[in-house]
Structures are given as C-alpha cells and as structure tokens.
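J.: next input, structure requested:
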Amino acid sequence: DMAEPIQQLTRNNNPQERQSIPFTLIQRKEKLGDLLYEKRQYGKAKWACIKMQEKQYEQSICLGFMKLMRYICEQNSSGLYLGITVPIVTIVHTNEAQSAMTPAVTVAYYLPEVLQEQPPHPFDSDIIIEEWPATIVYSR
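T.: Numbers count the residues shown, from 1 in each chain. Predicted coordinates:
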C-alpha cells in the first residue's frame, strides 16, 4: 500500500530538497553536550493535518504519517510530489484533566512556501488543511 509513496520519496530523497520550516529558537536544553530538546516558535502558516486515534499512541502516529505521505506523494489535487518539509509535527492530546495522554494524536505537515497561498486539496477526506497561528513547538 505504501510502495508508491516510498518509491516517490526515495526518488526525491535529496537532502537539499527538504525545506526546513522557518522558526525562532526560544530555548535550547542540553545535558553533557547532548541536545535534549529545543523550544521553537513557528510563524502563522498552513498545515496538512490528520487526527488519528488508534488503540496505541504509536499506531496513531504511524498511520497518520503514512496518510500524510500519500498526500505529499501525488495523492492531491495537483497530482504532484509536494516536497518534504521538516519536521513533521506530532501533537499529543491529553484527557480533560490534562493528567494523561490519550491515544489521539494529530500529525501535521507544513506546506512548502510555494504552496502556502493555494495548497493542493488532499484526496483523503481525513486530511484537512488548517491555518495555524504562530505556534510553540518542542523538538527533539
């Protein structure tokens, strides 16, 4: 099922073609010279998002990522490979008391700069295009 997207990604696996999402570094936490995490602020932008809720947290992330890869690799209204932006963001959801994680996650792909004004529509109705306000993200 993923053969075509993986082949497309492999054909386009040139690191120079990966667009880093512009951000402002707010905080960097290191321990003994190793990076633990960065706190980043990303500007307002359009993202392709999918919310998944499988039995296990890891399954939700994996399946959401695979669906986004299909969108990136030609299953969109342009019929074109959209290009990779890094990082792909995973939003972890918590229960109402914010005391525990739920199996629900949102996996999100930043649309490249050239597609921000008019993003291609996904063929998968589970994927939605959202405009996010400036956002704080923790990255490892």
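
J.: quick one: residues in contact with the helix or strand where residue 69 lies.
T.: In the assignment (DSSP states H and E), residue 69 maps to helix 57-72. For helix 57-72, the external contacting residues (C-beta atoms under 8 Å, 6 or more residues apart in numbering) are 1-2, 5-6, 9, 48, 50-54, 81-84, 88, 90, 92, 101, 103-109, 122-124, 126-127. (Glycine included, C-beta is placed from N, CA and C.)

J.: out of everything not next to it in sequence, what's closest to residue 64?
T.: Closest residue in space to residue 64, ignoring its immediate chain neighbours: residue 107 at 3.4 Å, by C-beta to C-beta, 6 or more residues apart in numbering.

J.: hang on, isn't residue 123 packed against residue 75?
T.: Yes. Assessed by C-beta atoms under 8 Å, residue 123 is found in contact with residue 75 at 4.7 Å.

J.: neighbour count winner among those two?
T.: Under the neighbour definition other C-beta atoms under 10 Å, residue 123 and residue 75 were set side by side, and residue 75 has more, 17 against 13.

J.: just checking, next helix/strand downstream of the helix or strand containing the residue nearest to residue 64?
T.: Using DSSP H and E, residue 107 maps to strand 101-110. Tracing the chain past strand 101-110, the next element assigned as helix or strand by DSSP H and E is strand 128-132.

J.: show the pLDDT at the residue lying closest to residue 74 once chain neighbours are set aside.
T.: The shortest distance from residue 74 to any non-neighbouring residue, by C-beta to C-beta, 6+ apart, is to residue 81 (5.9 Å). For residue 81, the model assigns a pLDDT of 92.

J.: ok, now residue 4?
T.: Per-residue pLDDT puts residue 4 at 55.

J.: please apply the same query to the one 3 residues further on.
T.: Predicted confidence (pLDDT) at residue 7: the value is 54.

J.: ok, residue 100 next?
T.: pLDDT at residue 100 comes out at 89.

J.: out of the contacts of helix 57-72, which end up buried?
T.: When the contacts of helix 57-72 are checked for burial by 16 or more other C-beta atoms under 10 Å, the buried set is 5, 48, 50-52, 81-82, 84, 88, 90, 104-109, 122, 127.
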